[in-house]
Each structure stands twice: as C-alpha cells, then as structure tokens.
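Peer 1: Just to be clear, the model below is a prediction. Sequence and coordinates:
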Amino acid sequence: MAKIFQVSARAAMAHVIEPIARRLIAWGVTPNAVTVAGTIGVVGAAVGLGATGHFVAGALVVTVFALVDLVDGTMARLSGGSTRFGALLDSTMDRIADGAIVGTVIYILAGRGDRWGVVGGIVCLVLGAVVSYVKARAEGLGMTANVGIAERAERLIIIGVGGLLAGFGLDWGFAAAVWFLAALSTITVGQRLAHVYKQAKQLDAADRAAAAKSAP
C-alpha cells in the first residue's frame, strides 16, 4: 500500500515538479547543485527550527526541501539520465539529511530528559543506516533490495508527523514516532535481508553449477 501511495504521489507531483526542473535547467543549474542545496535546506531547517522548538515550521520546511529529491531526479532525467557520481552524491546527501533530522529529534528528547525516547532515537539512527547499507551492499553484489515497509519516504513522514504532534502540544509525539519507526525499521531490515538471501541462494547455486560444468 505504501508503495502504491508513493508512486501515486510522485505521479501527481510530476505536474508541479517538471516545470520547475525545466526552468532550473534553462538557468544552467545542475542536478548535483540542487541535491546539495536541498540537503543544506533540510539540515538548516532541522537544526535551526526543530532544535529551537519550532516543530511545526521545522516539519513543514523539511518537507519542502525533501521534495528536492523529486526535482533533482527529474532534472537528471530531462538532462539525459543520472550520472554515477550524481547517484553517489544523492545517496550521500540523503544520509546526511536523515542523520540531521533524527539527530535533532534525539537532541530534543535529551533536553526533555526522555531517556527512553533517546534510546528509540538512537535505534532509529542505527537502523536507518543499516536499511540503506543493506540496499547499497546488495546492489554492489549484483542483487536488489528495493523492498521494505519503511523506506526513506515513509521514515521522513513518520518523523514529520511526530514533529507536528509535538508542535501542537502533544509532547509524546516525538517519542512515539521514533519507537514506531524503530519497529518498522527493524522489520524493513529483516525484509531486505530475506529478499537478498533468496537472490543469493539462486546466484550461488548457478555459480556452483557453472563451476561443476567447467571442472575437468
């Protein structure tokens, strides 16, 4: 269901994003520059707004800058396709942005003396990196890991909802969000490992069969 929603949302946003992408290309702006600018915006909003108690504004500004993921991707497509360095830069900037967002939440919870909330935030920080690592490592080994109940978009939405709840006076919003996200991230790691395991078994079996055929 999350995948269907994400695809539908991207299709709807394309009507807004594509004209912006075309205009930026016409101005000579590169997709990589937009990627970096979006990350700076996310980090600035998380630290400058979120960490200072402006939770609603922080959540909204982070969401706006997170949409840059759609803009730079569209620009790359319109410019003839993504480059290898562009793909690496995009993933790197995503990790920086995610770390800033979750790190800010941990800072907020620590300031409130919410020890269990801090633990949940640390678990989210670690598992968020593991979710991304499993995918990257699988692709490096010639497999895929594009599965999971909590991919990056879902993770950002959950933290954003927590920020909005906290901004409207529900102090438990952040703690609830990080623990909910920790549970979903754990499931996602398991889903990705299981998905890669099935592929690895097939590839290993094919390698053994090929080795047996070529053996004298």
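Peer 2: The structure has been received and is ready for your questions. Keep in mind the model is a prediction, meaning the values are calculated, not measured.

Peer 1: does the nearest residue to residue 79 once chain neighbours are set aside sit in a helix or strand, and which one?
Peer 2: Nearest non-adjacent residue to residue 79, counting by Cβ to Cβ, 6 or more residues apart in numbering: residue 25, 6.2 Å away. C-beta here means a position set from N, CA and C on the backbone, and glycine is covered the same way. Applying DSSP states H and E as the criterion places residue 25 in helix 2-26.

Peer 1: now that helix: mean pLDDT?
Peer 2: The average pLDDT within helix 2-26 is 68.

Peer 1: again, but for stretch 205-216
Peer 2: So the average pLDDT for stretch 205-216 ends up being 81.

Peer 1: all helices of the protein, in order?
Peer 2: Assigned by DSSP state H, the chain shows helices spanning 2-26, 31-45, 55-66, 68-78, 84-111, 115-140, 152-167, 173-214.

Peer 1: So what angle separates the directions of the second one and helix 68-78?
Peer 2: Using axes from the mean of the first three to the mean of the last three Cα atoms, to 10 degrees, the inter-axis angle of helix 31-45 relative to helix 68-78 is 180 degrees.

Peer 1: ditto for the third one
Peer 2: With the same axes, to 10 degrees applied, the angle from helix 55-66 to helix 68-78 works out at 10 degrees.

Peer 1: And the residue nearest the centre of this structure?
Peer 2: residue 152 (2.7 Å; Cα atoms, centre = their mean).

Peer 1: got a pLDDT number for the closest residue to that residue other than its chain neighbours?
Peer 2: Nearest residue to residue 152 in three dimensions, chain neighbours excluded: residue 94, at 6.5 Å (Cβ to Cβ, 6+ apart). Predicted confidence (pLDDT) for residue 94: 91.

Peer 1: cool, residue 82 as well?
Peer 2: Model confidence at residue 82 (pLDDT) stands at 76.

Peer 1: show me what contacts it?
Peer 2: 31, 73, 76, 90 (Cβ atoms under 8 Å, 6 or more residues apart in numbering).

Peer 1: what number of residues lie near the residue nearest to residue 152?
Peer 2: 19 (other Cβ atoms under 10 Å).
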